[in-house]
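Generate a structure from the sequence data that follows.
(one chain, ligands or ions: 1)
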Amino acid sequence: MFKRILIANRGEIACRVARTCRALGVEYVAVFTDADATSPHLQGATAAVNIGTGPAAQSYLDGERIIAAALASGCDAVHPGYGFLSENSAFAAAVAAAGLTFVGPRPETISALGDKARAKALMGAAGVPVVPGAGDASDDPETVEHMVQSVGLPVLLKPSAGGGGKGMQVLTETTGLREAVASAIRVARSSFGDGRLIVERYIEQPRHIEVQVFGDSQGHVVHLYERECSLQRRHQKVVEEAPAPRLPADVRQRLVDAAVQGARSIRYLNAGTFEFIVGKDFQFYFLEVNTRLQVEHPVTECVTGLDLVEWQLRVAAGEPLPLPQDSIRCHGHAVEGRIYAEDPSDGFRPAPGSVDEVRWPTGVRVEAGVARGGAVPPYYDPMVAKLVAHADTREQALDSLRNGLGETVLLGLTTNIGYLRRVLADTAVSAATVHTRYLDEHGERFAQRGSTGCAAACAAAADLPVSSALSPWSGAAAHGLLDRASLDPGAPWGRAHMWVDGHMQSVAIEAPVQGGWRMAIGDEVRDVHIAEVANGVWQGVTGQAPWVAARRGSLWELQLDGDRFTLLPAHARSFDEEAVAGAAVAPLSGTVSVVPVSVGDRVEAGDVLAIIEAMKMEHSVVAGFGGTVRSIAFAVGDSVKAGELIVDVEVEELKPA
Ligand code: ADP
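Next up, the predicted model:
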């Protein structure tokens with residue numbers, strides 16, 4: 001076994017590899033960048049080497065620097081993790097040329113399989129079923145057009161040098177063929193430096209099922225069963241599981257046999273994943289081989305009870321495979337959910353940020369790459385953690401993962417936790433009837449956040465003293481979301497106004513309830529319970545939804561059922577006297593009939609800011625002080641409730657009308 005290895009990666013996978021090193025007594029050297037100087041992956045390392053500035057091209061993708069770091073720190077091997085240089089055959093060769101061991105397949109295997117056209121040819125020759133298509137790859141538009149015609153529509157154009165689902169295009173009709181081909185070649189060239197495309201028959205509504213294989217230097221090859229990864233968003237996996245549900249035993253056997261046969265044919269070394277798509281008729285077709293550890297390897301570890309990183313290190317060190325095929329078993333069911341720092345409600349835009357608070361769940365396996373006080377830099381993949389649930393049945397594993405996500409707290413970041421929870425609660429997901437386009441076709445409803453009104457109710461409850469003996473207005477416990485200026489006789493305990501991500505929201509405080517408050521948001525009544533307040537973090541539940549809140553200055557951050565909301569007091573960014581003074585509040589419930597001002601307008605004390613119609617009478621809302629209109633919460637025709645903030649004026653001088 002190696003004495004010391006360099007882990008050429010960051011984040012959760014670097015932490016994961018380090019864990020096995022510690023278990024095996026192998027020393028490890030970590031690498032990091034200026035953007036990563038306090039990351040958890042440096043913990044426990046014999047040495048940590050700065051390999052450059054934030055952007056990956058100047059650090060994690062710089063093979064020379066990484067090899068120099070490995071040599072300088074006395075390593076005898078390099079583990080590449082996934083991503084970055086893990087499937088770069090030149091890097092694998094350079095590692096070997098420097099006298100180090102690359103923990104992965106041989107460089108020639110990586111380069112042969114890294115090209116989709118070559119990989120398909122190799123596997124086809126080994127008797128593995130491949131997707132019907134044109135044999136070769138080409139970057140000549142006319143040739144590609146002929147290929148499309150010979151394969152027959154619908155087809156999928158794929159960059160031969162591609163990966164990560166990028167640059168693929170489905171063609172269902174001949175109109176616009178020329179432009180589509182030209183554009184796909186351009187995209188392939190700009191994304192992968194290689195414009196060659198392969199043309200495949202497009203398999204309708206396929207499932208993605210992959211087989212984990214392992215080979216040793218003695219030429220043995222085994223499989224560690226399959227994983228299903230059909231829950232993808234734009235070809236990127238979101239939730240993965242093992243074993244594949246609803247797969248007939250004979251199909252499963254043929255699938256794993258095909259993978260082993262393909263791997264044996266090229267004397268595959270170390271960990272590899274044979275990816276297949278499976279049609280509705282259970283016909284399966286080889287897609288590609290990933291020549292590295294996969295993000296989703298933990299589900300295989302859970303069901304087999306094996307440590308795949310340990311296997312990688314043993315095999316790389318020249319040892320034989322730890323177990324023969326007939327000693328490798330599959331127990332129970334495992335499901336993994338990938339937590340990304342991204343905003344599902346904004347097109348899944350990556351959302352770097354700070355990690356102000358982290359609480360991981362118990363009862364599921366957690367693979368995390370972030371810790372409290374850290375950050376998610378903008379330079380790298382936005383995946384911050386994975387949760388993996390393992391149980392006797394699939395149903396239990398799905399439930400356990402959903403609960404684990406519900407217990408997860410990540411403040412300072414916008415994440416897809418709420419999205420994942422909604423996906424896992426979906427009936428088609430429970431029934432395992434999904435295909436690889438399911439999330440793209442039905443994703444809208446999973447991406448929709450929970451209600452801002454409910455978020456406001458939770459934050460208002462956190463802002464109130466818990467004791468029912470107190471009036472909400474009596475104590476110093478009100479931190480700013482609650483607003484004396486808008487005390488409303490229509491709401492028994494008053495009303496709270498706040499901006500929830502830019503939307504004005506009003507909450508009526510109805511009554512104290514056991515450990516919390518009953519709130520009304522319009523007609524919706526909610527009991528919000530507070531379970532715990534510790535270290536400036538409020539934690540509770542409303543209905544089935546867990547929530548967590550924390551306050552920074554006058555800003556509240558709330559994670560409600562996994563979705564993130566930020567809340568500000570109605571009047572200001574800082575809850576000061578001027579700001580309170582500028583709030584023009586509806587004197588009674590009614591309909592807004594006139595709003596004569598616009599944002600940015602100058603107003604004087606006494607100016608009309610809005611007119612509310614109620615019971616056939618008009619009531620003017622006037623400015624109490626002169627200033628500039630900062631925001632208008634309602635439009636003409638909107639109905640407002642008594643006490644709701646209508647116009648917010650930035651007051652210049654406290655000179656009342
Ligand atoms: P990449 O290397 O870019 O990830 P893959 O060839 O592995 O590309 O394909 C990624 C995903 O695209 C698959 O998981 C599957 O969902 C879909 N896909 C690939 N090929 C086909 C095909 N011929 N028909 C239908 N879907 C496909």
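
How about the residues of this structure by the ligand?
By Cβ under 6 Å from any ligand atom, the residues of the chain that approach the ligand are 131, 156, 158, 162-166, 200, 202-203, 206, 208, 232, 235, 275, 277, 287-288, 436. Where you see a C-beta, it was placed from the backbone N, CA and C, and this is true even at glycine.

Inside strands: which ones of those residues?
Members of the residues of the chain next to the ligand lying in strands (criterion: DSSP state E): 156, 158, 200, 208, 232, 275, 277, 287-288.

Going through the residues of the chain next to the ligand, which ones are buried?
The neighbour count (16 or more other Cβ atoms under 10 Å) marks 131, 156, 158, 162, 200, 202-203, 206, 208, 232, 275, 277, 287-288, 436 as buried among these.

Name the SS class of residue 518, please.
strand (DSSP: H, G, I helix; E, B strand; the rest coil).

Tell me who's in contact with it.
Neighbour list for residue 518: 509-512, 525-528 [criterion: Cβ atoms under 8 Å, 6 or more residues apart in numbering].

Please apply the same query to residue 42.
30, 32, 36, 48.

For the closest residue to residue 248 other than its chain neighbours, give me its contacts.
In space, and not counting its chain neighbours, residue 248 is closest to residue 282: 6.5 Å by Cβ to Cβ, 6 or more residues apart in numbering. By Cβ under 8 Å, 6+ apart, residue 282 lies in contact with 247-248, 251.

Tell me how many other residues crowd whichever residue of the stretch 501-650 of the chain sits closest to the ligand.
Minimum separation of the stretch 501-650 of the chain from the ligand (Cβ to the nearest ligand atom) falls at residue 562, amounting to 25.5 Å. Other residues near residue 562 number 26, with proximity taken as other Cβ atoms under 10 Å.

where exactly do the strands run in the stretch 351-500 of the chain?
Counting by DSSP state E, counting those that start in this stretch, the stretch 351-500 of the chain has strands at residues 353-354, 357-359, 365-368, 375-376, 383-391, 409-411, 495-500.

Keeping just the C-alphas, turn stretch 558-570 into CSV.
Provided in CSV are the C-alpha atoms of stretch 558-570 (Å, rounded to 0.1, in the frame of the first residue of the first chain):
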residue,chain,number,x,y,z
LEU,A,558,-35.1,31.8,6.6
GLN,A,559,-34.8,28.2,5.3
LEU,A,560,-38.4,26.9,5.0
ASP,A,561,-38.8,23.3,3.9
GLY,A,562,-35.4,23.6,2.2
ASP,A,563,-36.2,26.9,0.4
ARG,A,564,-34.3,30.1,1.2
PHE,A,565,-36.0,33.4,1.8
THR,A,566,-34.6,36.7,3.0
LEU,A,567,-36.8,39.1,4.9
LEU,A,568,-36.5,42.8,5.7
PRO,A,569,-38.7,44.9,7.9
ALA,A,570,-41.4,46.7,6.0
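
where's the residue nearest to residue 248, which helix or strand?
Using DSSP states H and E, residue 282 falls within no helix or strand.

ditto for residue 251
helix 249-265.

and that helix, how far from the chain's centre?
32 Å (Cα atoms, centre = their mean, to the nearest Å).

Could you do stretch 385-395 as well?
17 Å.

What average pLDDT does it get?
For stretch 385-395, mean pLDDT rounds to 98.

Next SSE downstream of the helix or strand of the chain with the lowest mean pLDDT?
Using mean pLDDT, DSSP states H and E, helix 577-581 stands out as the lowest-scoring helix or strand of the chain, at a mean of 48. Using DSSP H and E, the helix or strand that follows helix 577-581 in sequence is strand 583-585.

ok now that following strand, how far from the chain's centre?
40 Å.

show me the contacts for the spatially most central residue of the chain.
Residue closest to the average C-alpha location in the chain (Cα atoms, centre = their mean): residue 340, at 2.2 Å. If a contact means Cβ under 8 Å, 6+ apart, then residue 340 has 348, 350, 382-384, 415-416 as its contacts.

Can you report how many residues neighbour residue 263?
Neighbours around residue 263, by other Cβ under 10 Å: 26.

for residue 448, same thing?
14.

Go ahead and confirm it touches residue 345.
Yes: in this structure residue 448 lies within contact range of residue 345 using Cβ atoms under 8 Å: 6.8 Å.
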